[in-house]
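J.: using only what follows, build the 3D model:
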Amino acid sequence: MKILIVDDDVLVCKSLKVLLSRENDMEVIGTATNGAEAINVCRTEMPNIVLMDIQMPVMDGIQATRQIKKEWPQVHVMMLTTFKDEKNIRLAIQAGAEGYLIKSTKVSSMAQKLRTLVSGSSVLDADVLKQLTHPTERKELEQLTPREKDIAELVAQGLSNREIAEQLYISEGTVRNTLSVILEKLQLRDRTQLAIYYLKKV
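T.: You can find the predicted model right below:
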């Protein structure tokens, strides 16, 4: 089984390559740091499976999956990402991905799921399947503490972490940590999404 690993984190590529290469029936024939590189490797090496991240520079995993499945429909694509929101899951499946795993998946389990994929079965992480069958409602701003609401409001106003820290008399580290909590609670990716979401809700 020939595997291509695609991730813009070089350390992730190296780690997965070492771990998956220990499997007797698996050979990592290359790595790529974006979708465009992945397509080039497919042209020269023709893997059986592409382990594909979603968010990458130049060309993301969704675009790359769509192109790979168009040119080489026999190549299996397994998404391997930190994203488990309904939108990305559906986009990946619509692009042609037959599998969707979260990066926290143990390598031993991942190897077995790759075998399942090659055998012709679709593979979805348990959390991913739950998200598709029971999509969660986005939590409203009422879920935030007063301090979290203050920080969300200041982010929406365009203030930097340093400016927020100065205005609220707290450290930049506290602002960063609180911002991470806010993004997790509201299921948002970054401060830009937070600003847009906040302005729509207030």
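
J.: the chain: strands as residue ranges?
T.: With DSSP state E as the definition, the chain shows strands at residue ranges 2-6, 27-32, 49-52, 76-81, 99-102, 123-124.

J.: quick one: residues in contact with the third one.
T.: For strand 49-52, the external contacting residues (CB atoms under 8 Å, 6 or more residues apart in numbering) are 1-7, 16, 35, 38, 42, 61, 64-65, 68, 75-80, 97, 114, 117-118. All C-beta atoms are positioned from the backbone trio N, CA, C, and that covers glycine.

J.: how does it look with 6 Å?
T.: Judged by CB atoms under 6 Å, 6 or more residues apart in numbering, the contacts made with strand 49-52 from elsewhere in the structure are 3-6, 61, 65, 76-80, 114.

J.: only whichever of those residues are buried, select them in PyMOL.
T.: Selection of buried members from these for PyMOL, criterion 16 or more other CB atoms under 10 Å:
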select buried, resi 3+4+5+6+61+65+76+77+78+79+80+114
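
J.: coming back round to it: let me have the strands of the chain in TSV, extended by mean pLDDT and distance to residue 177.
T.: Compiled in TSV, the strands of the chain are given as follows (pLDDT from 0 to 100; distance: least, CB to CB, whole Å):
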stretch	mean pLDDT	distance to residue 177
strand 2-6	97	31
strand 27-32	96	33
strand 49-52	97	31
strand 76-81	94	24
strand 99-102	90	23
strand 123-124	82	32
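
J.: and those as a markdown table, adding distance to residue 12?
T.: Putting those into a markdown table (distance: least, CB to CB, whole Å) gives the following:
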| stretch | distance to residue 12 |
| --- | --- |
| strand 2-6 | 8 |
| strand 27-32 | 9 |
| strand 49-52 | 10 |
| strand 76-81 | 9 |
| strand 99-102 | 13 |
| strand 123-124 | 19 |
